[in-house]
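A.B. asks: This is a predicted model, with the sequence first.
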Amino acid sequence: MKGLIYIFSLFIWGTLFLSCNKVSNNKQTSSLTFVNDSVFISKIRNLSLIISKEKEEGVLDYYVKDLPTKEHPYYVIQVGKMNSSRLEIFYNFYCYPKSDEIKLYDTINDSLIIPH
């Protein structure tokens, strides 16, 4: 009986240890992807559609969804409002570091447009 309790307690401690590691990895990832200070975030914050959305919704959150790669040379920055369970996305911006250009994803036409 003591052996069974010992094995069970080892299982519980091992599970707790592994789950703590996963949580800390997620925190590291999310702290890297939520951005407050960047050139593109500053430019996005000054767009008229963002200014008007912040008047409606309050302070918005900015999330870097994708980093540039050779195949896709742009950042994807999502702008939305964090609620208790998720980030509600309002806009997806494609930011090109080489040209310093920002484009907005138009969901209706499935295209990229230059925001005003």
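C.D. replies: Perfect, I can see it now.

A.B. asks: Residues in contact with the longest strand that the chain contains: which ones?
C.D. replies: Ranked by residue count, the top strand of the chain under DSSP state E comes out as strand 87-96. Residues from elsewhere that reach strand 87-96, judged by C-beta atoms under 8 Å, 6 or more residues apart in numbering: 40, 44, 49-50, 53, 57, 60-61, 63, 65, 73-82, 101-105, 112, 115. For every residue, glycine as well, the C-beta is placed using N, CA and C.

A.B. asks: Name every strand pairing with that strand and say which way it goes.
C.D. replies: Note on strand 87-96: by DSSP bridges, its sheet partners are strand 75-82 (antiparallel), strand 101-106 (antiparallel).

A.B. asks: Save those strands as JSON lines, and put in mean neighbour count, distance to Thr69 and mean pLDDT too.
C.D. replies: JSON lines is the format used below for the strands paired with strand 87-96 (neighbours: other C-beta atoms under 10 Å; distance: least, C-beta to C-beta, whole Å; pLDDT from 0 to 100):
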{"stretch": "strand 75-82", "mean neighbour count": "18", "distance to Thr69": "10", "mean pLDDT": "91"}
{"stretch": "strand 101-106", "mean neighbour count": "16", "distance to Thr69": "17", "mean pLDDT": "93"}
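
A.B. asks: As TSV, those with distance to Tyr91 would be great.
C.D. replies: TSV is the format used below for the strands paired with strand 87-96 (distance: least, C-beta to C-beta, whole Å):
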stretch	distance to Tyr91
strand 75-82	4
strand 101-106	6
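
A.B. asks: All set, thanks.
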